[in-house]
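>>> Could you look at this predicted model? Sequence included:
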Amino acid sequence: MTTTSSIGRYRRRVLVTWAASAALAAGTVGATAGPAGAHEDHHGAKGPSRVASGLDNPRQLTVTGRGDVYVAEAGRGGAGPCIAGPEGQACLGTSGAVTKIGKRGHQTRVVTGLPSLAAPDGTSAIGPSDVVALGGRRLAVLVGLGAPPAARDGLPDSAARLGTLQLAREGSGWTTTLADLAAHEATANPIHDPDSNPSSVERSGSGFVVTDAGGNDLLTVKHGKVTTTAVFQDQLAEAPPFLGLPPGTMIPSQAVPTAVVRGPDGAWYVSQLTGFPFPVGHANIYRVVKGQAPTVWATGLTNVTSLAFDRHGRLYAVQLADTGLLAVGDALPSGSLLQVSRTGAHKVVADDLPAPYGLAIRDGSAYVSTCSVCPGGGEVWRYRL
């Protein structure tokens, strides 16, 4: 029979940057084919079109009113030092970046030198996870950690920016820390042992809101101070057969909140990846109002990593793995872009996407980052809605 410690091994915190990397063969994440029916680089194409390529582990993205797209690149790690991560060695480097795709299609890395932890082959990186354009060439860049806050201790100075919100200026090489999310989780982590993996950020007045997938919470940042706005509790899921538990045994599954967006009603909407065993159809979208417990707004989703509303108030979501992360095997997961329905009858906009992750919508177009665990193989695709 499987021991409690064995269950704990399988339930170790999910690195939202790549929740199933233990099941991923590194050799499968090099070059990837584009989505079915896709066009070559052609910014004005009617069908799906590729607008960026050659990205290192691309994650969340944003699009401005001018039509510029910014994408956070988690990087490809570096020469080290290396630490023991949940899925093996993770080596530190400064390959994290932000890429800007101009409205005419020109692609440029406008922020570089951010910290990145990755496997020696550059896959499954932890680093920049989201970006917000603030105007005046200023960017707020969220940097993940995927580990206890104390993991930064003893690493080079660059590692201090893991688990933080950074203010950067395009093309200058300058950054400064706006808030240390991991330090907050070290003292105020509401669930389980201290853990932090900031995964999504949105502007909120003069401050920001941040989802921390490691802390299972929604945080507010204002004037450098971090407070906990909402907590996402564990759920119960049926234990998979390979654990050797009696059929029907239920085990805890962490919430793992991923993206946050403001809805047309002013509330915050938060997506859920779910933790091990990543049950199919069990990911929710939560509605969060300050001072109230989160409520479930939509159900029946699987391994959701990003959300966005269109100008008509319709909500869209990206699923990283449509069949669930445990079913991926040795290949990249195949995910999708969905229009979300509160009734559970979600509409598929695009499927068979290789490891999709981030989503942004502007002027009737959805921008999706794909091959989100690929060093040098990541892309951004545009879909007409």
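Structure received. Small disclaimer: the values here were computed from a predicted structure and weren't measured.
>>> all contacts plus neighbour counts: C-alpha atoms, from now on.
Noted.
>>> Test my guess that residue 131 contacts residue 138.
No - using Cα atoms under 8 Å, residue 131 makes no contact with residue 138, being 10.4 Å away.
>>> More neighbours: which of those two?
residue 131 (29 against 15; other Cα atoms under 10 Å).
>>> check contacts around the more buried one.
Residue 131 is in contact with 60, 61, 62, 70, 71, 72, 98, 139, 140, 141, 142, 201, counting by Cα atoms under 8 Å, 6 or more residues apart in numbering.
>>> List just the nearest of the residues you listed to residue 112.
Distance to residue 112, by Cα to Cα, is smallest for residue 98 among the contacts of residue 131, at 6.6 Å.
>>> Which of the helices or strands spans the closest one?
Residue 98 is part of strand 88-101 when elements are defined by DSSP states H and E.
>>> and the closest residue to residue 293 other than its chain neighbours, bridged to which residues?
Excluding its sequence neighbours, the residue lying closest to residue 293 (Cα to Cα, 6 or more residues apart in numbering) is residue 230, at 6.6 Å. Counting by DSSP bridges, residue 230 forms beta bridges with residue 218.
>>> residues near residue 156, how many?
For residue 156, using other Cα under 10 Å, the count is 12.
>>> just the one 3 residues further on next, same as before
Residue 159 sits with 21 neighbouring residues when counted by other Cα under 10 Å.
>>> my guess is it meets residue 127, correct?
No - between residue 159 and residue 127 there is no contact under Cα under 8 Å: 9.9 Å.
>>> tell me, what's touching those two both at once?
Contact criterion Cα under 8 Å, 6+ apart; residues bridging residue 159 and residue 127 by contacting each: residue 115.
>>> on that earlier part again, just the contacts of residue 131: which are in strands?
60, 61, 62, 70, 71, 72, 98, 139, 140, 141, 142, 201 (DSSP state E).
>>> ok, and the most crowded of the residues you listed?
The most crowded member of the ones in strands among the contacts of residue 131, judged by other Cα under 10 Å, is residue 71 (33 neighbours).
>>> Which pLDDT value goes with it?
At residue 71, the predicted lDDT confidence score is 99.
>>> was I right about it contacting residue 107?
No - using Cα under 8 Å, residue 71 is not in contact with residue 107; the gap is 10.5 Å.
>>> Residues that sit against both of these two, list them.
99, 100.
>>> what's the closest non-adjacent residue to residue 142?
For residue 142, ignoring the flanking residues on the chain, the nearest one in space by Cα to Cα, 6+ apart is residue 165 at 4.6 Å.
>>> got a list of what the one you found touches?
Counting by Cα under 8 Å, 6+ apart, residue 165 makes contact with 140, 141, 142, 143, 177, 178, 179, 180, 181.
>>> Could you confirm it falls within a helix?
No - checked against DSSP: H, G, I helix; E, B strand; the rest coil, residue 165 lies outside a helix; its state is strand.
>>> Helices of the stretch 1-150 of the chain, start to end?
Taking DSSP state H, counting those that start in this stretch as the test, the helices found in the stretch 1-150 of the chain are 4-10.
>>> Name the spans of it whose pLDDT lies under the cut-off.
Where the stretch 1-150 of the chain drops to pLDDT under 70, the residues are 1-46, 85-87.
>>> Could you give the number of residues near residue 183?
Look at residue 183: counted by other Cα under 10 Å, it has 19 neighbours.
>>> correct me, but it touches residue 149?
Yes - the criterion here is Cα under 8 Å, and residue 183 meets it with residue 149 at 6.4 Å.
>>> still on that earlier bit, against residue 285, how distant is the residue nearest to residue 142?
Look at residue 165 and residue 285: by Cα to Cα, to the nearest Å, they are 24 Å apart.
>>> got it, and residue 331?
Counting by Cα to Cα - residue 331 and residue 285 are separated by 27 Å.
>>> Specify which residue of those two has the higher count of neighbours.
Using other Cα under 10 Å as the criterion, residue 331 and residue 285 rank with residue 285 on top: 27 against 16.
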